[in-house]
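**Student:** The following block contains a protein sequence and its predicted model.
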Amino acid sequence: MIADIDLGKGLRLRTLTAHDVALVVEATGAETAHALWGPRPAGPYTPRDARAALNAWDPDAGRQASYGLLKNDRLLGALGLMIDGPHSAELAYWVRPESRRQGLALRGINALTCWTHDELGLDRIWLEINPVNTPSLRLADRAGYQYEQRLPHHCRTWTNPDPEHDTWHDCMIWAHTNSTTPPPI
């Protein structure tokens, strides 16, 4: 699941590895909300947090990987790909606060969606989106994803480290299939 995709204008999408700890720490430094990476998805990250997260997203394991959106070796955002079966994967994304609203997530989602269909041969890529996250709902639509369903109390809010005492919110599932019109890169 190693990728290195030139997106033009100095932007590239490449697999993040354990060697990218400093990039993750710097990129999440101003983050006050939940970031992309686990095991507990919240920023900002210390070097220890970043190392643990990148190790958890080890692309050599073959089930999940994290891809960085980089410009001039600066991490502007990241996408996570989690394979959940022989034909499908979940896609997640995050863009650093000062780089939002510049089309970076759309470019990254479109490129990784095409790559996942073409290179990995997966038929279905899907997103889980909080129903109150209007920008992400618009982004899913602009990226050519189709609304499928709403899952009640499906996604964890991560306000409590214990899942039994945490709160959960609904998630909207949006999917892109090989039969869907390919997103523009």
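**Tutor:** Okay, I see it.
**Student:** got the CA positions of stretch 44-61 in PDB?
**Tutor:** Provided in PDB are the C-alpha atoms of stretch 44-61 (Å, rounded to 0.1, in the frame of the first residue of the first chain):
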ATOM      1  CA  PRO A  44      -1.600  18.000  19.000                       C
ATOM      2  CA  TYR A  45       0.800  15.100  19.000                       C
ATOM      3  CA  THR A  46       4.000  14.700  21.000                       C
ATOM      4  CA  PRO A  47       6.800  12.700  19.300                       C
ATOM      5  CA  ARG A  48       5.700   9.600  21.300                       C
ATOM      6  CA  ASP A  49       2.000  10.100  20.100                       C
ATOM      7  CA  ALA A  50       3.200  10.500  16.500                       C
ATOM      8  CA  ARG A  51       5.400   7.400  16.600                       C
ATOM      9  CA  ALA A  52       2.600   5.300  18.100                       C
ATOM     10  CA  ALA A  53       0.100   6.500  15.500                       C
ATOM     11  CA  LEU A  54       2.400   6.000  12.600                       C
ATOM     12  CA  ASN A  55       3.300   2.500  13.800                       C
ATOM     13  CA  ALA A  56      -0.400   1.700  14.100                       C
ATOM     14  CA  TRP A  57      -0.800   2.800  10.500                       C
ATOM     15  CA  ASP A  58       2.000   0.600   9.300                       C
ATOM     16  CA  PRO A  59       1.600   0.200   5.500                       C
ATOM     17  CA  ASP A  60       3.600  -3.000   5.500                       C
ATOM     18  CA  ALA A  61       0.900  -4.800   7.500                       C
END
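**Student:** roughly how far is the worst-scoring helix or strand of the chain on mean pLDDT from the heart of the chain?
**Tutor:** One helix or strand of the chain scores below all others by mean pLDDT, DSSP states H and E: strand 146-156, with a mean of 84. Relative to the centre of its chain, strand 146-156 is centred 17 Å away, using CA atoms, centre = their mean, to the nearest Å.
**Student:** What pairs with it, parallel or antiparallel?
**Tutor:** strand 168-177 (antiparallel) (DSSP bridges).
**Student:** got a list of contacts for the least confident helix or strand of the chain?
**Tutor:** Here strand 146-156 makes contact (CB atoms under 8 Å, 6 or more residues apart in numbering) with 126, 128, 130-131, 140-141, 163, 166-177, 180. From N, CA and C alone the C-beta is placed, and that goes for glycine too.
**Student:** switch to 6 Å and redo it
**Tutor:** 128, 166, 168-175 (CB atoms under 6 Å, 6 or more residues apart in numbering).
**Student:** what does stretch 79-86 give?
**Tutor:** 36, 63-67, 89-93, 108, 112.
**Student:** can you rerun that using 7 Å?
**Tutor:** With contacts defined as CB atoms under 7 Å, 6 or more residues apart in numbering, stretch 79-86 is touched by 1, 36, 57, 63-67, 89-93, 108-109, 112, 116.
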